[in-house]
Every structure is written in C-alpha cells, then in structure tokens.
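A.B. asks: heads up, no residue letters with this:
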C-alpha cells in the first residue's frame, strides 16, 4: 500500500452528493501528487467530474466546481499537528500544496457541511441533509502504525501482509459491531465489509488502482437548513486507498 509516487498521482474520490457511484456519474475527488520524499512539494487538487466506462476521469467546470470550494481541508503531520490547507480556484480544479518536513504519515482530511438539503418532497420522499468527510494519508519514508481518529466519522488503514485492515470510527470511538462498509475497486465493483466488535474489517485488494472505502451513518434528528426542512442528516466518510 503506497500513498504517492514520483510519476503517478493518488486519486481521492469524495462523497457523491446526489447520485450513486457508477459509470458516467459525477462526483468530487482529489488528486495528490508528490515524490514521497521529505522537503519536496506535494500538490493537492480538488476536482469535480465524471468517470466513464473505461475508468477514465473527466474534469468538469461550472456550478459544481464552484461548490467544491466549500470543502475545508486540513493536514495532520506525523507529530499530530493540524494545519489548515487554503485552496484556490484554477481553471478546472481547486488547488493547494504542502511540503512535508519529516518522515511518517501525513493525514489529509476534509469536510463539507454546507451542502443544501436534498429535497425529495416533490416525489414523496424524505429530505436529507448531507454532511461529507474525506480522508487519506500521504507517506514519507516508512508507514506508521494505526492512526488515531481525527474527525466525527473517520477511517484509517494499515497493511497486514497483502491484506488491508480498515478501522472505522464514529465520534472518535470504534464504530458499532456489524456496521457495514462499502469498498469500490478500480473497476467500480462494490464489496460490503462488516465491522467486528473492535470496529475493524479486513479485505484483500485484487488489482492495482484506486479503492474507495465508505462509511455512512444516518442521524434521524430532523431540522431545517436554509429554509428547507429535513428528516435526518446523512453523514458520509470516504477514504481513498491507492494500490500500486
């Protein structure tokens, strides 16, 4: 399991706000490019686009790209220090960068809690307020052990031989037993994982490329946001794992 290479970017697919994860669906993701070495710049691009039947990502612009700027990104260094990452808009993405000084794992976290309510009242459905988290890690030198949770919904990974161990957290505590995780492989095939009593699940990657690990939780508490009532809050955390 690697988080960067000198020639290949990491792809972090963010939460799908209104539509599922299949070919031609549109979504937000990040591309992180770096050498994996200390004192060398790492570039992070936040993108809106779609994925075609061949797994190729196409960048788009417009309203959705503007909304991508509402994501707040932060960096957690190997010592646990948190730094806010300021993003600026480019022609087809939002971009930021950082320069790792020490060896170890750098966590890149994000949140967007300003999404509008998904209004399904016209078709008789329930309105939902989406809140989206994202996370991944960028490794300089050797990989650290299991990392601590840093946000309300969080996922961490570690390597156990050829398998990947995933640990899920809710409010910084292990997620409940039998909570389901969804894993999307580079070809967009989906696999469900069930958490054990330690909030842990294991899977074996079958091919190289990007894997999305997703944790969802619904808070049934209703409310109103920007004048639109909702019956619950859908929290989602997506973790991207790039296998070379």
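C.D. replies: Great, that's in hand. Note that the coordinates shown come from a computational prediction; the quantities given were computed from them, not determined experimentally.
A.B. asks: so where's this protein shaky on pLDDT?
C.D. replies: Low-confidence segments of the chain, defined by pLDDT under 70: 1-27, 55, 144-146.
A.B. asks: residues in contact with stretch 72-89?
C.D. replies: With contacts defined as Cβ atoms under 8 Å, 6 or more residues apart in numbering, stretch 72-89 is touched by 44, 46, 65, 69, 71, 94-96, 98, 100-112, 144, 148, 150. C-beta coordinates here come from the backbone N, C-alpha and C atoms, glycine included.
A.B. asks: so which of those sit within helices?
C.D. replies: Within the contacts of stretch 72-89, residues falling in helices by DSSP state H are residue 65.
A.B. asks: the contacts of stretch 72-89, buried ones only, as a PyMOL selection?
C.D. replies: Restricted to buried positions by 16 or more other Cβ atoms under 10 Å, the PyMOL selection for the contacts of stretch 72-89 reads:
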select buried, resi 44+46+65+71+94+95+96+98+100+104+105+106+107+108+109+110+111+112+150
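A.B. asks: which ones are touching residue 202?
C.D. replies: Contacts of residue 202 (Cβ under 8 Å, 6+ apart): 160, 163-166, 193.
A.B. asks: identify the bridge partners of residue 243.
C.D. replies: Following DSSP bridges, residue 243 is listed with bridge partners residue 209.
A.B. asks: span of stretch 115-122 from start to end?
C.D. replies: With Cα to Cα, to the nearest Å as the measure, the ends of stretch 115-122 fall 19 Å from one another.
A.B. asks: list the buried residues for that stretch?
C.D. replies: 115, 117-118.
A.B. asks: work out the gap between that stretch and the centre of the chain.
C.D. replies: For stretch 115-122, the separation from the chain centroid amounts to 23 Å (computed by Cα atoms, centre = their mean, to the nearest Å).
A.B. asks: likewise stretch 217-232?
C.D. replies: With Cα atoms, centre = their mean, you get 23 Å for stretch 217-232.
A.B. asks: that older thread, can you pick out the most distant pair from the contacts of residue 202?
C.D. replies: The largest separation in the contacts of residue 202, counting by Cβ to Cβ, is between 160 and 193 at 14.2 Å.
A.B. asks: quick one, which of those two is more surrounded?
C.D. replies: residue 193 (17 against 9; other Cβ atoms under 10 Å).
A.B. asks: these two touch, right, that one and residue 180?
C.D. replies: Yes. Under the criterion of Cβ atoms under 8 Å, residue 193 makes contact with residue 180 at 7.0 Å.
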